[in-house]
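S.K.: structure of the sequence below:
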Amino acid sequence: MIRTPLRAGLVGAALLACGLLAAPTAAGATPVPAPEADTIEVSASSSAVAADYWTPERMRAAIPADVLLAEAEVSASAAGVDVGAPVTYAGTSADVDEDAPSGRPAPGPGVGKVFFELNGSRYVCSGNSVGSANGSVVATAAHCVHGGGAGESFASQWVFVPGYHEGEAPFGVWAATSLSVPQQWSEGNDISYDSGFVKVGTVAGHTLTQTVGASAIAFNQARGLDYTAFGYPAAPPFDGETARSCRGTAVADPFLQTQSQGIPCDMTGGSSGGPWFLTSGVQNSTNSFGYVGLDDVMFGPYWGSVAESAYASVAS
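M.R.: Reported below is the predicted structural model:
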């Protein structure tokens, strides 16, 4: 539990979406992975099992993964977070219709739900398809990929369901082939590094990007930007069956316990891992946590060089 002057504790994260930031762009490039990333490969046989494992009944019964944050650690130091040159990796437009309300981006087909098993329980989060050289990367929260801390393990039966809506998987079920999180999360359970990236396999011979497109993704951007959030909150008063959104300007952690930023948002557990989009549509964070006693504020990790290295480990 995070201890603040309010004795606040971590609660389930919410989702963000749609926006862009002016920054040097490395279109189509893939960064070189650094030692900060902890990555594992998933066998082809395990991926095949995972794709078949998640029946509609099991998806509905999965519980929001925010409960996995109960033992997360705080980190007030900026060392290793605000490090690196600003960079944006290009995305790809989807070949499906998107109906965005005027002046407000809608969740594209690349925003969806994440399902996985950890320590014998089934969990649900959110995620988003992001641009990469292999066309197969999903961005989510680290606690939706790994248990966090020494002695914990990576998730199993991990799948992504883009465009999920009321129990339907309109674009298929995409199983993980490799998973990556910062070592600061896998070894230290540090909530400031709650960023996870997963490479998925193909469905019917097509990559994820070919099927639903991919958002551009940026690292080492300015703080205090405007974001729109999308996700699938599953804890009351929501049911996780449809995507929801929030919008606002990011502010620093008021308790100075993390390097994460918060925006106004009432989303609940299940939305963890959903994308934070800048106003031009580039993803720049994910939903991570909230504080007990600080209502309707959702926090997302700052994406610096460590988050970029985790992304790089599965993006080539």
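
S.K.: which of the residues in stretch 253-265 are buried?
M.R.: By neighbour count with 16 or more other CB atoms under 10 Å, stretch 253-265 contains the buried residues 253, 255, 257-263, 265. No exception for glycine: its C-beta is placed from N, CA and C like everyone else's.

S.K.: now stretch 209-229
M.R.: For stretch 209-229, by 16+ other CB under 10 Å, it's 209-221, 225, 227-229.

S.K.: in strands, which of those fall?
M.R.: 217-219, 227-229 (DSSP state E).

S.K.: find the centremost residue of the chain, please.
M.R.: Compute the mean C-alpha point of the chain, and by CA atoms, centre = their mean the closest residue is residue 140, 1.8 Å away.

S.K.: which ones are touching it?
M.R.: Contacts here follow CB atoms under 8 Å, 6 or more residues apart in numbering; on that basis residue 140 touches 114, 125-128, 196-198, 272-273, 286.

S.K.: which residue ranges of the stretch 151-300 of the chain form strands?
M.R.: Remark: strands assigned in the stretch 151-300 of the chain by DSSP state E, counting those that start in this stretch are 156-162, 174-182, 196-200, 217-219, 226-231, 244-249, 251-252, 261-264, 275-277, 283-286, 289-291, 297-300.

S.K.: just tell me which of these ends up closest to residue 315.
M.R.: Residue 315 sits nearest to strand 196-200 of all the strands of the stretch 151-300 of the chain, at 7.3 Å, using CB to CB.

S.K.: contacts for the closest one?
M.R.: Here strand 196-200 makes contact (CB under 8 Å, 6+ apart) with 127, 130, 132, 134, 136-146, 158-160, 174-181, 185, 208, 273, 286, 310-311, 313-315.

S.K.: now the buried members of these.
M.R.: Judged by 16+ other CB under 10 Å, buried ones among those: 127, 130, 132, 136-146, 158-160, 174-181, 185, 208, 273, 286, 310-311, 313-315.

S.K.: returning to what we had before: now the strands of the stretch 151-300 of the chain in JSON lines, with distance to residue 70?
M.R.: Formatted as JSON lines, the strands of the stretch 151-300 of the chain follow (distance: least, CB to CB, whole Å):
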{"stretch": "strand 156-162", "distance to residue 70": "20"}
{"stretch": "strand 174-182", "distance to residue 70": "18"}
{"stretch": "strand 196-200", "distance to residue 70": "18"}
{"stretch": "strand 217-219", "distance to residue 70": "28"}
{"stretch": "strand 226-231", "distance to residue 70": "20"}
{"stretch": "strand 244-249", "distance to residue 70": "23"}
{"stretch": "strand 251-252", "distance to residue 70": "24"}
{"stretch": "strand 261-264", "distance to residue 70": "20"}
{"stretch": "strand 275-277", "distance to residue 70": "23"}
{"stretch": "strand 283-286", "distance to residue 70": "19"}
{"stretch": "strand 289-291", "distance to residue 70": "11"}
{"stretch": "strand 297-300", "distance to residue 70": "16"}
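
S.K.: and of those strands, who's closest to residue 69?
M.R.: Nearest to residue 69, of all the strands of the stretch 151-300 of the chain, is strand 289-291, at 5.7 Å by CB to CB.

S.K.: mind giving me the packing neighbours of the closest one?
M.R.: Applying 3 or more CB pairs under 8 Å, 6 or more residues apart in numbering; DSSP states H and E, one finds that strand 289-291 contacts strand 10-12, strand 297-300.

S.K.: cool, thanks, signing off.
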